[in-house]
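# Here you go, sequence then predicted model.
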Amino acid sequence: MTLLHVRTHHLHQRTTGEPGTGGPLDVAAALAGADLPEPDGLWFIDRLDARACGRADLGGRAAAELLAGQIARAVRCAVDRGPEQDGVRWFPDRAAFLTQWLMDLSHGQTGDRWEYSEFGVLGFSPALRDRAGVEPATVRRALRSLPGPELDRMLGLLAPGDAASIVHALASGGGSIDRRELARTTAWLWRSGRLPRDPRTGTLAVLLALDTNPPGADDATAARDLALLCTALRDRDPAGRNRLLAAVRAADGRALAAYGQSALAAAFASWSRADRDEAVTALAGDPADEPGPTADRTDLGGLFLLLPLLSELPLAAATSGWPDPAGAGAAALSGTLATGAVLGVGTDVLADPWTRLAFGLPGDVAEHVVEWSGRVTRRDADRFIRRFASLVEHRELAATGDLAERSLLLDPPLAPPLARAVRVAAGVLVRELSHRLPGQARAGIDHLRRNVLSVGATVHADDDAITVVLDPPPLGVLLSLTGLNRRRFTMPATGDRPWVLTQRP
């Protein structure tokens, strides 16, 4: 089914001869029976021009149907040309559209965006509150698809009262989440520093972190109880935390009141002893003393989307004859730097242990990069760029502007020949990714970073495989459609041991 929403329309009629007697043109009714295309995803078209010519005595209904047919033809032509054209936006579904709207709204970039006209001009916090009241399930999906850092930033922008309203709207499910799961999720957010201090915003963070069906009112109440407990625990020393937790475990209202926590006494009185035990066990101890579940985490989840694409590039041939950096190959290190440029982290990519494992780089490689870059000559860089010339032409880098993209420069600055070569490799790598994503062939680098590459990942390595579970990015649906987020590949540095890439639901 195609939904055609016309925001503003102008109808100009001109007749010659005797005008018909059919009355005004009811184009909207005629469009209901028109042969509109049914493309996948959500399309926004800013402007369509359609012309229809007919006899002056054609009659209102027939004239409307004639014009509706021309409008349908114009829509079909716009869809066939794809979303890369000006005045056309495409999203895989409504949740992806809301995700992009929230990202742009939180950065103050929605003021002149015609595709967001339905949302009005409210600020971020009231706009999200109102939208959650209108379409709570879709808003929940949109918020859960955000990268962890982006979600945390947005939660920090919410007024506590608006956060409470959003919780009320999202807690519309009929099921009940196990209290142990709620407690463990809350503890994970607390220990990883991702639980907001205000318990109302903290409640929302807990509900969004759960991988279950939409929560119900009882789940929201339990999440609020746990967020209140974490707020009470934050500023106490270890002994004070233990005393408070013991009082919660025993539901000792008198002791909790003496600690100034009468609200906790009322909150946990309805919990069973077994559930209170689980909550206390999950939250016991000093968060600062425990690494929590982040020991195998990396913020550079986008790296694992790029690795299979990077292996298709002619890096080995392009760096043939280059001086070798200490303890690493020129192809491996230049490829690492190219991924760092695409991810927007520069040479900081060398500090990530999973990156070093994937490329077979030594732990001290960052200390030698600048010195090595000075040994790469202009002739070396020229040979490198000639090897990439066909890919540069095929992916139309001159038209995309990637070769002039300042964010592909690395910090600390490398010697100009190597910087030039790395920028070309990074530009090609960006386009190899964008051309595999429907509707994103000419998407800007910043757009791809925010919506595809800026994700965290959980990595587990054993003797059989290296398993990577990506957090869902805003445009994770596109990755799923193309299979880029679910694949197996190998890297020369890790031999036959496969890298298994998947995505958290």
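Here it is on my side, so go on.
# how many other residues sit next to residue 270?
Neighbour count of residue 270, defined by other C-beta atoms under 10 Å: 12. (Glycine included, C-beta is placed from N, CA and C.)
# sec struct for it, please.
Under DSSP: H, G, I helix; E, B strand; the rest coil, the three-state class of residue 270 is coil.
# With residue 221 as the reference, measure out to it.
Applying C-beta to C-beta, to the nearest Å, one obtains 9 Å for the distance of residue 270 from residue 221.
# before we move on, what about residue 64?
Residue 64 sits 54 Å away from residue 221, going by C-beta to C-beta.
# now swap in residue 276 and tell me
Residue 276 is 15 Å from residue 221, by C-beta to C-beta.
# swap in residue 422?
Plainly put, residue 422 is 53 Å away from residue 221 if you go by C-beta to C-beta.
# neighbour count winner among those two?
Counted by other C-beta under 10 Å, residue 422 and residue 221 do not tie: residue 422 has more neighbours, with 27 against 15.
# Am I right that the more buried one sits in a strand?
No. Counting by three-state DSSP, residue 422 is not part of a strand but helix.
# So the closest residue to it other than its chain neighbours: helix, strand or coil?
Nearest non-adjacent residue to residue 422, counting by C-beta to C-beta, 6 or more residues apart in numbering: residue 337, 4.8 Å away. At residue 337, secondary structure determined by three-state DSSP is helix.
# what's near enough to touch residue 302?
Residues counted as contacts of residue 302 (C-beta atoms under 8 Å, 6 or more residues apart in numbering) are 342-343, 449, 452-455.
# Strands of the protein, residue ranges please.
42-45, 88-91, 297-298, 457-461, 466-470, 487-489, 499-503 (DSSP state E).
# Those strands into CSV, with extra columns for mean pLDDT?
As requested, the strands of the chain are exported to CSV (pLDDT from 0 to 100):
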stretch, mean pLDDT
strand 42-45, 80
strand 88-91, 80
strand 297-298, 86
strand 457-461, 88
strand 466-470, 90
strand 487-489, 90
strand 499-503, 89
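# Nearest to residue 246, out of those strands?
Taking C-beta to C-beta, strand 297-298 is the member of the strands of the chain nearest to residue 246, at 31.4 Å.
# ok, that closest one: who's next to it in the sheet?
strand 457-461 (antiparallel) (DSSP bridges).
# Tell me which residues of the strand it pairs with come out buried.
Buried positions in strand 457-461, judged by neighbour count with 16 or more other C-beta atoms under 10 Å: 457-459.
# tell me the angle it makes with strand 499-503.
150 degrees (axes from the mean of the first three to the mean of the last three C-alpha atoms, to 10 degrees).
# quick check: mean pLDDT across stretch 399-411?
The pLDDT scores in stretch 399-411 average 76.
# likewise stretch 238-249?
89.
# residues contacting the residue nearest to residue 308 when sequence neighbours are not counted?
Leaving aside its sequence neighbours, residue 308 sits nearest to residue 489 (C-beta to C-beta, 6+ apart; 4.5 Å). Counting by C-beta under 8 Å, 6+ apart, residue 489 touches 307-308, 311, 498-499, 501.
# Give the buried subset of those as a ChimeraX selection command.
The following ChimeraX line selects those of the contacts of residue 489 that are buried, judged by 16+ other C-beta under 10 Å:
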select :307,308,498,499,501
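# Turn the contacts of residue 489 into JSON lines, columns for distance to residue 469.
JSON lines is the format used below for these (distance: C-beta to C-beta, whole Å):
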{"residue": "307", "distance to residue 469": "15"}
{"residue": "308", "distance to residue 469": "16"}
{"residue": "311", "distance to residue 469": "21"}
{"residue": "498", "distance to residue 469": "15"}
{"residue": "499", "distance to residue 469": "12"}
{"residue": "501", "distance to residue 469": "8"}
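# closest to residue 358 among the contacts of residue 489?
Minimum distance to residue 358 across these is 6.0 Å, recorded for residue 307 (C-beta to C-beta).
# thought the closest one was touching residue 493?
No. In this structure, residue 307 is not within contact of residue 493 by C-beta atoms under 8 Å, at 10.6 Å.
# any shared contact partners between these two?
residue 358.
# which residues does residue 451 contact?
99-100, 103, 473-475.
# can you do 7 Å?
For residue 451, the contacting residues are 100, 473-475, by C-beta atoms under 7 Å, 6 or more residues apart in numbering.
# and what of residue 469?
Residues counted as contacts of residue 469 (C-beta under 7 Å, 6+ apart) are 457-458, 502, 504.
# can you list those residues in a markdown table and add distance to residue 131?
Compiled in a markdown table, the contacts of residue 469 are given as follows (distance: C-beta to C-beta, whole Å):
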| residue | distance to residue 131 |
| --- | --- |
| 457 | 29 |
| 458 | 30 |
| 502 | 30 |
| 504 | 24 |
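# Give the ranges of residues in the stretch 201-350 of the chain that sit below the confidence cut-off.
285-295 (pLDDT under 70).
# all helices for it, in order.
Along the stretch 201-350 of the chain, the segments classed as helices by DSSP state H, counting those that start in this stretch run 217-234, 238-249, 253-258, 262-268, 273-283, 302-310, 315-318, 330-343.
# For the residue nearest to residue 308, give its distance to residue 480.
Counting by C-beta to C-beta - residue 489 and residue 480 are separated by 17 Å.
# Residue 402 too?
26 Å.
# Compare those two and say which is more crowded by neighbours.
residue 402 (24 against 14).
# Leaving out the residues flanking it, which one is nearest to the more buried one?
Closest residue to residue 402 apart from its sequence neighbours, by C-beta to C-beta, 6+ apart: residue 427 at 3.6 Å.
# and that neighbour, what does it touch?
Taking C-beta under 7 Å, 6+ apart, one finds 397, 402-403, 408 in contact with residue 427.
# picking that back up, so for residue 227, which of the strands of the chain sits nearest?
Among the strands of the chain, if distance is taken as C-beta to C-beta, the winner is strand 297-298, at 22.5 Å.
# Touching, residue 177 and residue 207? I think so.
No. Judged on C-beta atoms under 7 Å, residue 177 makes no contact with residue 207 at a distance of 8.9 Å.
# what do those two both touch?
Between them, residue 177 and residue 207 share these contacting residues under C-beta under 7 Å, 6+ apart: 215, 219.
# Show me how the record splits the protein into domains.
The chain is divided into the following domains under automatic domain parsing: 1-91, 94-293, 297-503.
# What pLDDT does the model give the residue nearest to residue 402?
For residue 427, the predicted pLDDT is 93.
# For residue 152, see how far away it is.
31 Å.
# what's the answer for residue 264, then?
Residue 264 sits 25 Å away from residue 152, going by C-beta to C-beta.
# These two: which is more packed in?
residue 264 (22 against 17).
# Surely that one touches residue 233?
No. Under the criterion of C-beta under 7 Å, residue 264 makes no contact with residue 233, lying 10.1 Å away.
# Next, show the common contact partners of these two.
By C-beta under 7 Å, 6+ apart, no residue touches both residue 264 and residue 233.
# So which elements touch the top helix by length along the chain?
The helix that spans the most residues within the chain, counting by DSSP state H, is helix 60-81. Applying 3 or more C-beta pairs under 7 Å, 6 or more residues apart in numbering; DSSP states H and E, we find helix 60-81 packed against helix 27-32.
# tell me the mean pLDDT for the helix it packs on?
On average, helix 27-32 scores 66.
# Can you tell me the closest non-neighbouring residue to residue 275?
residue 179 (4.0 Å).
# hang on, isn't that neighbour packed against residue 277?
No. Using C-beta under 7 Å, residue 179 is not in contact with residue 277; the gap is 10.2 Å.
# Since that was my last question, I'll sign off now.
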